[in-house]
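Asker: just the structure for this:
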Amino acid sequence: MNITHLGLVAGAITTASGIPQVVRAYPTKHTRDISIWQPVLLNIGMILWLIYGIALGDIPLIFANAISLLCYSALIVMKFRYRDNDK
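Answerer: Numbering: from 1, shown residues only. Have a look, this model is predicted:
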């Protein structure tokens, strides 16, 4: 396994960490227990990592952060969309 493979595996695992939250929130339409600040701050960090990865041409960084950005952006959208269900 070379360093790129290691980066891809690490990126896949960290990217997958957001999926259970999205999978849980979507069918239940409840996001009450999710703080809005966690995905917002994560998105800001991932945008910066994505820019950094693009600047370096680092495929694992680009891949992991682009996918994670989509996942946590979906969570942010659901947080606002389902806020009436959480009352």
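
Asker: what about residue 87, how many residues close to it?
Answerer: Using other Cβ atoms under 10 Å, residue 87 has 5 other residues around it. (C-beta placed from N, C-alpha, C; glycine too.)

Asker: and what of residue 85?
Answerer: Counted with other Cβ under 10 Å, residue 85 comes out at 12.

Asker: chain neighbours aside, what residue packs nearest to the most centrally placed residue in the chain?
Answerer: In the chain, the residue lying closest to the centroid (Cα atoms, centre = their mean) is residue 68, at 3.0 Å. For residue 68, ignoring the flanking residues on the chain, the nearest one in space by Cβ to Cβ, 6 or more residues apart in numbering is residue 15 at 4.8 Å.

Asker: kindly report the same for residue 34.
Answerer: residue 79 (6.0 Å).

Asker: that neighbour and residue 39 touch, don't they?
Answerer: Yes: counting by Cβ atoms under 8 Å, residue 79 does reach residue 39; the two are 7.3 Å apart.

Asker: average pLDDT across stretch 80-87?
Answerer: For stretch 80-87, mean pLDDT is 81.

Asker: and that stretch, what's buried?
Answerer: By 16 or more other Cβ atoms under 10 Å, the buried positions in stretch 80-87 come out as residue 82.

Asker: got a list of contacts for that stretch?
Answerer: Stretch 80-87 has contacts (Cβ atoms under 8 Å, 6 or more residues apart in numbering) with 25, 29-32.

Asker: kindly check the end-to-end length of it for me.
Answerer: 12 Å (Cα to Cα, to the nearest Å).

Asker: and it, how far from the chain's centre?
Answerer: Its chain's C-alpha centre and that of stretch 80-87 lie 20 Å apart, by Cα atoms, centre = their mean, to the nearest Å.

Asker: pLDDT value on residue 66, please?
Answerer: The score at residue 66 is 93. That number is its pLDDT.
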